[in-house]
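Asker: have a look at this prediction, sequence included:
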Amino acid sequence: MAVDLHSLPLDDGAREQLRQRLGRGEVEARLELAGPSSIVETAYAGLWWVRHADADGHTALEQIVVARVPPLLLAHGDDIAAAARRLGAELTGSLENAND
């Protein structure tokens, strides 16, 4: 579940009050996609403050996400399989080169 903060009647002050009220947890992730993104756990387990910015740093999307892990942080199964194949090939190549 996600709540789009831009869909709520919040000005900057009210948004900051909400952020302070929810507090900060122990986990934070920063991503570089089309622009910088941050995912910050609040003081409430499973409640995440997610902010995506455009290339100029302007907020494009801001949400509160309720989830064990925000979906944006989950690796896609196909990506995991491809990474495992690539790592296997690199390790096999390294072992073969070490035996030369």
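Answerer: The structure has been received and is ready for your questions.
Asker: so where do the helices sit in the protein?
Answerer: Secondary structure of the chain (DSSP state H): helices located at 12-22, 77-98.
Asker: for residue 51, give its distance to residue 65.
Answerer: 11 Å (Cβ to Cβ, to the nearest Å). In this view, the C-beta of every residue, glycine as well, is placed from N, C-alpha and C.
Asker: of the helices of the chain, flag the one that's most buried.
Answerer: Of those, the one with the most neighbours on average (mean count of other Cβ atoms under 10 Å) is helix 12-22, at a mean of 12.
Asker: contacts for that helix?
Answerer: If you take Cβ atoms under 8 Å, 6 or more residues apart in numbering as the criterion, helix 12-22 is touched by 5, 10, 42-44, 47, 49, 62, 64.
Asker: with distance to residue 83 added, can I get these in a markdown table?
Answerer: Output for the contacts of helix 12-22, formatted as a markdown table (distance: Cβ to Cβ, whole Å):
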| residue | distance to residue 83 |
| --- | --- |
| 5 | 33 |
| 10 | 40 |
| 42 | 31 |
| 43 | 34 |
| 44 | 32 |
| 47 | 30 |
| 49 | 29 |
| 62 | 30 |
| 64 | 31 |
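Asker: need those residues in TSV with neighbour count, distance to residue 80 and pLDDT, can you?
Answerer: Formatted as TSV, those follow (neighbours: other Cβ atoms under 10 Å; distance: Cβ to Cβ, whole Å; pLDDT from 0 to 100):
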residue	neighbour count	distance to residue 80	pLDDT
5	19	31	94
10	14	37	91
42	18	28	98
43	11	31	98
44	12	29	98
47	15	27	97
49	22	27	97
62	19	29	94
64	19	28	97
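Asker: point out where the chain drops to low pLDDT.
Answerer: 94-100 (pLDDT under 70).
Asker: what sits against residue 72?
Answerer: Per Cβ under 8 Å, 6+ apart, neighbours of residue 72: 31, 37, 39, 50.
Asker: closest to residue 86 among these?
Answerer: Taking Cβ to Cβ as the measure, residue 86 lies nearest residue 31 of the contacts of residue 72, at 21.1 Å.
Asker: what sits against that closest one?
Answerer: 37-39, 72.
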